[in-house]
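[1] Take this sequence and fold it.
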Amino acid sequence: MPLVPATYPTFERAYLDVLRHLVDEYEYRNAPRGAASRESMGMSFRIENPVERLPYLAARRVNPIFHFAEALWYMGGCNDVAMMRYYAPYQYSVSRDGVTLGGSAYGARIFQPAVEGVSSFDRVMNLLRTEKDSKRGLIPIFEAPELAVENNPDVSCVVAIHLLLREGRLHMVCYMRANDCYRGMVADVFSFTLIQEYAAVLLGAEMGTYTHHIGSAHIGDRDFDRVQQVLAEADGSPHREVPRWAMRRMPTETTPEILASVQQHETALRTNTGQYRPQEIAALALPVYWQQVLLLFEVQRQLAHCHTDPVDAEVLSALDPGLRWLVAQRWPTRMPGPFLEEAQ
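    Sure, this is the predicted structure:
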């Protein structure tokens, strides 16, 4: 047995192998809380280039708008339902009070001030600036009191994330209690590798590897047909060692102030109190990387507030090709004529 997890160049490659394993070599059939699934215990994988965090698979229909929104929600230390309900209405169903989220609000436990008014994230950043080879850069997320709540619908799936600075590269290890490997794993890997990249920028370090450990890896029976469609698409496509489209790297000038500015613009778009043309976004004092994120949020504003109208072609044209392809896959009926081919 190898002493390190299976290593992949990109998340897409790891994702496909995890799905194949759970289809063909799962260990258990069970149905916790009535959700029938196939499960394997103690699964792990490592990604060499975690910047390539998006799977470009038409059958999976990844939603890059939601993934950036969720990552920003985490990085803002938020726990409110209102923001995430806009991007993913199902989030509301696990809130115990209809206003806030608990176990699944990972960012609140990472970025909100904790001991002596300092967040766990900032404490780890300070540690790694002064003790570069430290093994103590662990940020706990799961909390034992979550299990004391009877029938708690919102128990954290993440135990902890661990940041390790080695030879100028920042690595992350994520420890999952459980992971829905068709749905939740895509979102979790996206958000945590984005947090890893942000931490690397703040430390002036290169991006290292990302390792994902899962206690209970599973796919639900409700998704089994979709999983088979994804695998059939991958098996019928040329083998790819590199992603179809390269993801932009987070710019080194990204700061907490830049993130705060992006979050302010996101609020305006989400509440429909602002709407931006591509040239207006380009004129903002933001790196192009974050301008692309705002273009995605403008797409979401049009999807949510402009009823059945096609998304503005000028906005779509301003998106990077990979993001535009994912948007076209996700919402083919809202694409203007010239972009319908991208959804085929």
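[2] from here on, contacts and neighbour counts on C-alpha atoms
    OK.
[3] Output the below-cut-off pLDDT ranges for the protein.
    1-2, 91, 340-344 (pLDDT under 70).
[4] residues making contact with the longest strand belonging to it?
    Longest strand in the chain by number of residues (criterion: DSSP state E): strand 206-220. With C-alpha atoms under 8 Å, 6 or more residues apart in numbering as the test, strand 206-220 has contacts from 5, 19, 22, 35-51, 168-182, 189, 193, 196-197, 200.
[5] for that strand, the distance to its chain's centre please.
    Centre-to-centre, strand 206-220 and its host chain are 12 Å apart (C-alpha atoms, centre = their mean, to the nearest Å).
[6] Next: stretch 232-251.
    17 Å.
[7] Other residues contacting that stretch?
    In contact with stretch 232-251 (C-alpha under 8 Å, 6+ apart) are residues 9-10, 12, 16, 51-52, 55-59, 197-198, 201, 287, 289, 321-322.
[8] Just the buried ones out of those, please.
    9-10, 12, 16, 51-52, 55-59, 197-198, 201, 321-322 (16 or more other C-alpha atoms under 10 Å).
[9] picking up where we left off before, strand partners (parallel or antiparallel) of the longest strand of the chain?
    strand 37-47 (antiparallel), strand 169-180 (parallel) (DSSP bridges).
[10] Format those strands as TSV; extra columns: distance to Leu316.
    As requested, the strands paired with strand 206-220 are exported to TSV (distance: least, C-alpha to C-alpha, whole Å):
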stretch	distance to Leu316
strand 37-47	30
strand 169-180	31
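[11] which of the ones you listed sits most buried?
    strand 169-180 (a mean of 21; mean count of other C-alpha atoms under 10 Å).
[12] coming back round to it: so which of the contacts of stretch 232-251 belong to helices?
    Secondary structure from DSSP state H places 12, 16, 197-198, 201, 289, 321-322 of these in helices.
[13] which one of the residues you listed is nearest Ser119?
    Nearest to Ser119 out of those is Tyr198 (C-alpha to C-alpha; 15.2 Å).
[14] Pull the residues that contact the host helix or strand of Ile258.
    For Ile258, the element it lies in under DSSP states H and E is helix 256-270. With C-alpha under 8 Å, 6+ apart as the test, helix 256-270 has contacts from 72, 76, 83, 86, 274-275, 286, 290, 294, 297-298, 300-301.
[15] Looking at neighbours, which among these is most surrounded?
    Per-residue neighbour counts (other C-alpha atoms under 10 Å) across those peak at Glu298, which has 29 neighbours.
[16] Would you confirm that that one contacts Gly274?
    No. Under the criterion of C-alpha atoms under 8 Å, Glu298 makes no contact with Gly274, lying 9.1 Å away.
[17] Kindly present the ones in helices among the contacts of stretch 232-251 as a markdown table, with separate columns for distance to Glu241.
    Listed next are the ones in helices among the contacts of stretch 232-251 as a markdown table, based on distance: C-alpha to C-alpha, whole Å:
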| residue | distance to Glu241 |
| --- | --- |
| Glu12 | 10 |
| Leu16 | 13 |
| Glu197 | 22 |
| Tyr198 | 25 |
| Val201 | 26 |
| Tyr289 | 24 |
| Pro321 | 19 |
| Gly322 | 16 |
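[18] tell me the two of those residues that are most distant?
    Most distant of these, by C-alpha to C-alpha, are Leu16 and Val201, 29.1 Å apart.
[19] Against which helices or strands is the host helix or strand of Leu295 packed?
    Following DSSP H and E, one finds Leu295 within helix 288-305. Applying 3 or more C-alpha pairs under 8 Å, 6 or more residues apart in numbering; DSSP states H and E, one finds that helix 288-305 makes contact with helix 64-75, helix 256-270, helix 278-282, helix 313-318.
[20] Any chance of TSV for the ones you listed, columns distance to Arg109?
    Formatted as TSV, the helices and strands packed on helix 288-305 follow (distance: least, C-alpha to C-alpha, whole Å):
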stretch	distance to Arg109
helix 64-75	9
helix 256-270	17
helix 278-282	32
helix 313-318	35
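[21] Give me whichever of the ones you listed is most buried.
    Greatest average neighbour count among the helices and strands packed on helix 288-305 goes to helix 64-75 (a mean of 21), per mean count of other C-alpha under 10 Å.
[22] What residues sit buried inside the helix or strand following it?
    Downstream of helix 64-75, the first helix or strand assigned by DSSP H and E is helix 81-87. Residues of helix 81-87 classed as buried by neighbour count (16+ other C-alpha under 10 Å): 81, 83-84, 86-87.
[23] Please convert those to TSV, extending it with distance to Pro251.
    Shown next, in TSV, are those (distance: C-alpha to C-alpha, whole Å):
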residue	distance to Pro251
Val81	29
Met83	25
Met84	26
Tyr86	28
Tyr87	25
